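> Output the structure for:
(2 chains)
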Amino acid sequence: MQLAVPGASLITFGIHLLLSKKAPPLETHSYMLLFWEILGVSIVLSIAQSFWAGLRKWMRHMWPIFTAVILLLGLWDMITSGFHLLPLPYFPGPAAVLRNLINDRGLLADSTWHSLALLLSGYTLGVIVGLVSGVCIGWSTSVRYWGMPLLKVVGPIPATAWIPLAMVVAPSALVSAAGLIALAVWFPVTMLTASGVSNTRASYLDVARTLGAGRAYLIFRIAIPAAVPNIFIGLFMGLGASFLTLVVAESVGVKSGLGWYVSWAQGWAEYGKVYAALIIMAAFFSTVMTLLFKLRDRVLVWQKGMIKW
Amino acid sequence: MTNVAAGSALRVDEVRKSFAVPDAPGTRRLVLDGISFSMAAGELVSLVGPSGCGKSTLLRLIAGLDLPDAGDLLVGEEEILGPSAERGLVFQDPNLFPWLTVRRNIEAGLVARGVLHEKRHEVDEFTRLVGLGAFGSAYPHHLSGGMSQRVALARALINHPKVLLLDEPLGALDAFTRMRMQDEVLRLWENRRTTMLLVTHDIDEAIYMSDRILVMTRAPGRIDRTIDINLLRPRDRTSDSFLRLRSQILEHLHFAGKAADV
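Numbering: from 1, shown residues only, chains lettered A, B, ... in the order given. Predicted coordinates for the structure are as follows:
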């Protein structure tokens, strides 16, 4: 079982050596280095797991996935650089993508950094405004009367549809992109916060009032905590929307970030770079998503054992 | 203890309450039709009656969560105009705040009144009082029904209410837990002499616990009859006088028959 990953990497690298004799030596070299590393790490882990139960459990869980990923790399290699079943330059092999990843690491890191800064500023702004407007709409019937129709009409418009307007109104492309991301996040956060707050169990509010609670206590200590499970659904939906808006905004207006990098590389038909950026994006977005999951697990610790996550 | 606030007298005078009928706009259903009774300070009175006779509505009016259409409600000399920490309410569902630990649930009243800082020492006292010292940091969904209801009691008592309203607080518990909790509530009452009004479906519980039982009629609710329970505490659920009272009340509620022959 422990040999699955080293075995798979040997197979995949074997495929590469057999099929891609024409590949530039530099690409083969870094690809080979990658496999030496995988081979080395997996063998070390396989030995270490016999001393460490936690690692063994993790390996038993993750090993099939790692094996599959490595074998898929081999399949990709076979289809592209091996038998040339897909047209170049649109579908480079894994070795070429890896080479691009290494060569362009400076620009990629810089793009990731810019994307992160833009994402965080837009997301934070959207969440703050969304929480405030959601609580107001959820709590006050008069705010709900005026706010809900606006929310229902304006909210469903995809944030990216505002791009033409945002470009005219905003002082810079960066500000307009942050605003669009905030708008994309604002809608689901407001919607879910409002419904969470307005669906607070009436009996919680009754109990609190007989305990001497005033309005501030009812809003901040009862309605909002009761709405937190809902709010997190809004935060997750908003995060998904913010990724989309980020990439689109970067590829049309902003001159930095991963979205810009992808469209720039595509303009030069450097598809190796496109895939390299997609790999970084996948890692980046899933890390951000994982962090939000961790935050939820922390905040909603009181639900543990009550509902299935 | 100097911080024990003894109970207050309670007076309910010709209270009427009706609700709009959702299915038939414009019509109203009369729920309480001229309820009058009074309770002395520190008295424990039970309210029994058929379902839907407005017992819970009456309790909500006393709690100040709803206002009557007509009539007066007075605690001591003060009219009830809204909810207050002086009138605690415990429901059948403990309604603990699930996002707070046991300890934080119990201190909720202190936080709500902004006196947590001065009265923090009472949180431990009340957590222990209801026998939950070891569960302070547990979350409500880990507690059994009986434990949850103890937390709800402690949460209501920490405000030293002058009147404690209990809306079938033991209704959801199994028979054994229920009997244990009855003793527990009695112990709290005897220590603190809070005026307690207990809504219950359980005639035995009413006889076992209260000084007086108010029997309500079917809707629209009226006080039909008052039965004084002059048995010494602790009461024996199997004594002749207990059983005699029991069949007398059941007879009155038209549930006699076989039970009366036992």
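> buried sites along stretch A:197-207?
The neighbour-count check on stretch A:197-207 (16 or more other C-beta atoms under 10 Å in any protein chain shown) flags A:197-198, A:200, A:204-207 as buried. All C-beta atoms are positioned from the backbone trio N, CA, C, and that covers glycine.
> and what of stretch B:77-88?
In stretch B:77-88, counting by 16+ other C-beta under 10 Å, buried: B:80, B:83-88.
> Quick check: which of those residues are also close to chain A?
Among the buried residues of stretch B:77-88, proximity to chain A is found for B:83-85, B:87-88 (C-beta under 8 Å from any C-beta of the partner chain).
> Turn the residues you listed into CSV, including secondary structure, pLDDT and distance to A:Ala223.
What follows is these, written out as CSV (DSSP: H, G, I helix; E, B strand; the rest coil; pLDDT from 0 to 100; distance: C-beta to C-beta, whole Å):
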residue, secondary structure, pLDDT, distance to A:Ala223
B:Pro83, coil, 95, 16
B:Ser84, coil, 93, 20
B:Ala85, coil, 93, 19
B:Arg87, strand, 94, 22
B:Gly88, strand, 93, 21
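> Show me which of those residues is closest to B:Leu59.
B:Arg87 (9.7 Å; C-beta to C-beta).
> Name the residues of the stretch 101-250 of chain A found near chain B, please.
Counting by C-beta under 8 Å from any C-beta, the stretch 101-250 of chain A sits next to chain B at A:201, A:203-204, A:206-214, A:217, A:221-222, A:225-226, A:228.
> How about the secondary structure of the residue lying closest to A:Leu125 once chain neighbours are set aside?
Leaving aside its chain neighbours, A:Leu125 sits nearest to A:Ala182 (4.1 Å; criterion: C-beta to C-beta, 6 or more residues apart in numbering or on different chains). Under DSSP: H, G, I helix; E, B strand; the rest coil, the three-state class of A:Ala182 is helix.
> what's A:Ala182 in contact with, if anything?
A:122-123, A:125-126, A:129 (C-beta atoms under 8 Å, 6 or more residues apart in numbering or on different chains).
> in which helix or strand would I find residue 164?
Using chain A. Under the criterion of DSSP states H and E, A:Pro164 resides in helix A:163-169.
> right idea, wrong chain: chain B
Using DSSP H and E, B:Leu164 sits in strand B:163-167.
> Work out the gap between the helix or strand following that strand and the centre of the chain.
Remark: after strand B:163-167, the chain's next helix or strand is helix B:175-192, criterion DSSP H and E. Distance, stretch centre to chain centre, for helix B:175-192: 12 Å (C-alpha atoms, centre = their mean, to the nearest Å).
> Downstream of helix B:175-192, the next helix or strand is which one?
That would be, after helix B:175-192 and using DSSP H and E, strand B:195-199.
> That next one - contacts with which helices or strands?
Packing contacts for strand B:195-199, counted by 3 or more C-beta pairs under 8 Å, 6 or more residues apart in numbering or on different chains; DSSP states H and E, involve strand B:44-48, helix B:55-63, strand B:163-167, helix B:203-209.
> In TSV, list those along with distance to chain A.
Listed next are these as TSV, based on distance: least, C-beta to the nearest C-beta, whole Å:
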stretch	distance to chain A
strand B:44-48	17
helix B:55-63	5
strand B:163-167	8
helix B:203-209	21
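> With respect to A:Arg56, which of these lies nearest?
strand B:163-167 (54.2 Å).
> Run through the neighbouring helices and strands of the closest one.
helix B:55-63, strand B:87-90, strand B:195-199.
> After the first one, which helix or strand is next? Please name it.
Past helix B:55-63, heading to the C-terminal end, the next element that is a helix or strand (DSSP H and E) is strand B:70-75.
> Next SSE downstream of that following strand?
strand B:78-79.
> Any part of that following strand near chain A?
No - with C-beta under 8 Å from any C-beta as the criterion, chain A is not reached by strand B:78-79; the gap is at least 15.3 Å.
> Output the contacting helices and strands for that strand.
Against strand B:78-79 (3+ C-beta pairs under 8 Å, 6+ apart) you get no helix or strand.
> who's in contact with that strand?
By C-beta under 8 Å, 6+ apart, strand B:78-79 touches B:72-73.
> So what does the residue of the stretch 51-200 of chain A found nearest chain B look like in phi/psi?
Relative to chain B, the nearest point of the stretch 51-200 of chain A is A:Thr200 (10.6 Å; C-beta to the nearest C-beta). Taking degrees, to the nearest 10, you get phi -60, psi 130 for the backbone angles of A:Thr200.
> Can you give me the pLDDT of it?
Per-residue confidence (pLDDT) for A:Thr200: 95.
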